[in-house]
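> Would you be able to build a 3D model of this:
(2 chains)
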Amino acid sequence: MKNIYHLIVKDIVRFFNDKPAFILTFIVPMLLIVIFGNVFSGKGGGPRGKTDIILVNNSTSIVADLIESKLDTSKSLRMIKKYLPENSNDSVFIDEELAKEFVRTGKIMAAIVMPKDFFLDTSSALKFKFYYDPKNEIESAIVQGAMQQTIMTQIPKVMPIIMKRKAINYIGGDSTARFYRDMSRTVTKYFGVDSDSIMQNLTKVDSSSLFSSSSDTSAEVNFMGNIIQFENEQLVGKEITNPGLTRSVGGWAIMFLLFSITGAASSLFEEKQEGTLKRLLCMTVSRADILWSKYIYSTMLGVIQLLVLFVFSWAFFDIDIFSNFFNLMIIIIVSAMAAVSFAMLITSTTKTASQANGVSTLLILVMSALGGSWFPIQFMPEWMQTGSKATMTYWSVEAFLSVLWRNAPLSSVYTNIVVLLVFTVLLNTYSLVRFRNGRVF
Amino acid sequence: MLKIKNITKSFDSITALDNISLNIEKGEFFGLLGPNGAGKTTLINTIIGYLEPELGEVSIDGEVITVENTQLRKKIGYVPQDIALYLELSAYQNLKLFGRIFNLSGNELENKINEVMELVQLSDRKKDTVKDFSGGMKRRINLAVSLLHNPDIILCDEPTVGVDPQSRNAIFEMLHNLNREGKTILYTTHYMEEAERLCSRLAIIDNGKIIAQGTLVDLINMLEQKETIKIQKTAFTQDRIRSISDMGIISEHDFYYELIVNEKFKQHSKTFIRLEEEEIHNEFVQVSRATLEDVFLNLTGRSLRD
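Residues are numbered from 1 along each chain as shown, chains lettered A, B, ... in the order given. Have a look, this model is predicted:
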């Protein structure tokens, strides 16, 4: 028993002395729990971020104005109605065509339009046009759901009008009027009540009962479905044969790229430990030669790895990589360069291979979760969405999504490329200073 | 040929090399003997240009070695203390890589690889992965790499650490042959037997300082007592050894005590009479010729293996 106790104590001491093991056991899972907790439970420090959608109100109806004002106060949606054209200081309202263009080019994920005939005098339903880019399927569903929820809250106000119109539609305008008239006369005759107030009560529909019931029968759903009608039009990705994988392949590829490249770059530690690094330096090889060779090799490995993953996805899951192959290659190369600079940063700031392994695993998993490799960043609270833009993963994932999902031209992913190159230059410069100081070898 | 002039190198507050000067002539087999941590590897690293000294300089044939001057390293073959090989590559692939770094190519490289593989007697294992080799075989490949570019000077940093006696002898044989061919060899070790066996001239280093240098005979002659007295370690002698501490310096080893007698007991007869008085009889006592170990003990008051 004593021996078992001593051996357990020994393992505990060893564990707490092994910082990478400690990080991987506690810190990494805790950080991931924080991220997942914020995404899926809404807990952990702030509301989920608002999703931007364009709202175009072409209707002159008071009901449309009512719904627009309600959508403006939505907690989950942010209505965009104006934009600032290039070379102009004044914002202008977005019309329907421009809204479609913005969705098509990926500037926004959806647009809702209340057309001119949104709620005409004879309408018994609210008819919306919904243009969307389902690059993120779940997000599209969430947006539609949020919109319906918001609009529903306005239904009680509109319900009497709708009910009246529905009655007129079903039994005809004359018959309805005659029914109300006859009914009020009968009540007045037998109960001596003022006929005008009877008429008022008869035409007033108590809509609150529709929403107070918790049972959501199919009849009610159908009824509500008839009242709110979305005319959906998918503007992007209709021709994509495997939308699910097309959306996610870039994210997974970039995460595994970071793992493999960090491993390749931190092999400097192994070479240092084995003595081969010193042997090379004692030959005609300079430190710069070693760093350049490591950088070029790691970049090549990264490019080949990404290429193989995309070709594999094309061969087995029909992901279209060839329609926009040139741009895809540009993103692959820039992403690989950024990943290598990240790996060099890890190598230059840690002291041992196991330390590099622990720190890189922590950062890669956090960057992948934050940067959109696992789920769309729109699920996160706004502060997290802001933080995700500080990760290179975000810019790579978004760029891959643009070139694969909407065949985006280079100009559309220009910002992503520049940001990734800035990452590359900054991280490499810092690593180089560390290497020059002889902190690593 | 190899001139080390007033080299000083520190790591934080520790002075690893303290004003070291050595002059190694062409064709010499020079030994650098010292205990672990004495500064041998730091000196080798400075000679090879891996470390930059704070003071002093190292030159080969008058040309100063610096960290930046990588071309001068072509004159040096460095045999590191570690097995500095890519273990997942074959012996041939390792040699090819390091040969190419020294600008060897084509037939010249192939011939050189064959030549060094023959020298280290591993021609038949050329294509085998290094990780499958025994410790001694790895050491021999480690040596072979340093000979590829036909260097003038070979720096051996404790090249026999952890090697079985057979491989050790093979390495000694190879180094002897290379020296006979005219190569200058600087050999560091903490085994005085190796230094005595191999080196024509020696320097003893301790705490970053050269405390003595010369031929083996020169160094032994530094001792007043050219012979040492070894007293077998038994339960009885362990009790008695303190009583003879006035006779000279006593060092304790695994199986014996070594006594370097002082002036008063220079004559054997006096020594033996005194030992008899302490009942340390002849069967416990052996007289042997002084070694480098004794020189080191004499100079530092410590054993080489302390």
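> is it true that residue A:370 touches residue A:381?
No: here residue A:370 does not reach residue A:381: they are 11.4 Å apart, not a contact under CB atoms under 8 Å. C-beta coordinates here come from the backbone N, C-alpha and C atoms, glycine included.
> So the two - more neighbours on which side?
Remark: of residue A:370 and residue A:381, residue A:370 carries more neighbours, 22 against 18, as counted by other CB atoms under 10 Å in any protein chain shown.
> Now do the strands in the chain.
Defaulting to chain A. A:51-57, A:77-80, A:82-83, A:92-93, A:110-114, A:126-132, A:228-234 (DSSP state E).
> Actually, chain B is the one I wanted.
Here chain B has its strands, by DSSP E, at B:2-11, B:14-24, B:29-33, B:55-60, B:63-64, B:76-79, B:153-157, B:184-189, B:201-206, B:209-214, B:227-232, B:248-252, B:256-261, B:285-289.
> Only alpha carbons, please: show the lengthiest helix in chain B as PDB.
The residue-count maximum for a helix in chain B (DSSP state H) belongs to helix B:165-180. The C-alpha trace of helix B:165-180 is given here as PDB (Å, rounded to 0.1, in the frame of the first residue of the first chain):
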ATOM      1  CA  PRO B 165      35.900  -2.000 -26.000                       C
ATOM      2  CA  GLN B 166      36.000  -3.600 -29.500                       C
ATOM      3  CA  SER B 167      34.600  -0.500 -31.200                       C
ATOM      4  CA  ARG B 168      36.800   1.700 -29.100                       C
ATOM      5  CA  ASN B 169      39.900  -0.100 -30.300                       C
ATOM      6  CA  ALA B 170      38.700   0.100 -33.900                       C
ATOM      7  CA  ILE B 171      38.200   3.900 -33.500                       C
ATOM      8  CA  PHE B 172      41.700   4.200 -31.900                       C
ATOM      9  CA  GLU B 173      43.200   2.300 -34.800                       C
ATOM     10  CA  MET B 174      41.500   4.500 -37.300                       C
ATOM     11  CA  LEU B 175      42.600   7.600 -35.700                       C
ATOM     12  CA  HIS B 176      46.200   6.300 -35.400                       C
ATOM     13  CA  ASN B 177      46.200   5.600 -39.100                       C
ATOM     14  CA  LEU B 178      44.800   9.000 -40.000                       C
ATOM     15  CA  ASN B 179      47.500  10.600 -37.800                       C
ATOM     16  CA  ARG B 180      50.100   8.500 -39.600                       C
END
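> Contacts for that helix, please.
For helix B:165-180, the external contacting residues (CB atoms under 8 Å, 6 or more residues apart in numbering or on different chains) are B:27, B:29, B:119-121, B:134-137, B:139-140, B:143, B:147, B:154, B:156, B:159-160, B:163, B:185, B:187, B:194, B:197-198.
> Could you turn the buried ones of those into a PyMOL selection?
Entered in PyMOL, the line below selects the buried ones among those, by 16 or more other CB atoms under 10 Å in any protein chain shown:
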select buried, chain B and resi 29+119+120+136+137+139+140+143+147+154+156+159+160+163+185+187+194+198
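> Can I get the strands of chain B in TSV including distance to residue A:434?
TSV is the format used below for those (distance: least, CB to CB, whole Å):
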stretch	distance to residue A:434
strand B:2-11	19
strand B:14-24	23
strand B:29-33	34
strand B:55-60	27
strand B:63-64	28
strand B:76-79	26
strand B:153-157	28
strand B:184-189	31
strand B:201-206	33
strand B:209-214	34
strand B:227-232	53
strand B:248-252	47
strand B:256-261	50
strand B:285-289	55
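> Now do the contacts for residue B:69.
Per CB under 8 Å, 6+ apart, neighbours of residue B:69: B:49, B:63.
> What pLDDT is listed against the residue nearest the centre of chain B?
By CA atoms, centre = their mean, chain B has its centre lying nearest to residue B:189, at 2.1 Å. If you check residue B:189, the pLDDT there is 89.
> Need the winner for burial among the strands of chain A.
Mean neighbour count (mean count of other CB atoms under 10 Å in any protein chain shown) peaks for strand A:110-114 among the strands of chain A, with a mean of 24.
> quick one: contacts of it?
A:53-59, A:64, A:67-68, A:71, A:94, A:96, A:99-100, A:102-103, A:128-133, A:140, A:143, A:147.
> follow-up on the earlier one: with distance to chain A added, can I get the strands of chain B in TSV?
Listed next are the strands of chain B as TSV, based on distance: least, CB to the nearest CB, whole Å:
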stretch	distance to chain A
strand B:2-11	12
strand B:14-24	16
strand B:29-33	17
strand B:55-60	13
strand B:63-64	15
strand B:76-79	5
strand B:153-157	9
strand B:184-189	14
strand B:201-206	20
strand B:209-214	23
strand B:227-232	38
strand B:248-252	33
strand B:256-261	36
strand B:285-289	38
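> what ranges of the stretch 151-300 of chain B fall below the confidence cut-off?
B:225 (pLDDT under 70).
> 90 instead, please
Along the stretch 151-300 of chain B, segments meeting pLDDT under 90 span B:159-171, B:173-174, B:189-198, B:200, B:206-207, B:211-212, B:215-300.
> check contacts around the residue of the stretch 201-350 of chain A found nearest chain B.
Using CB to the nearest CB, the point where the stretch 201-350 of chain A gets nearest to chain B is residue A:275, with a distance of 3.2 Å. Neighbour list for residue A:275: B:80, B:81, B:82, B:83, B:84 [criterion: CB under 8 Å, 6+ apart].
> go again using 10 Å as the cut-off
Taking CB atoms under 10 Å, 6 or more residues apart in numbering or on different chains, we find residue A:275 in contact with A:282, B:80, B:81, B:82, B:83, B:84, B:85, B:142.
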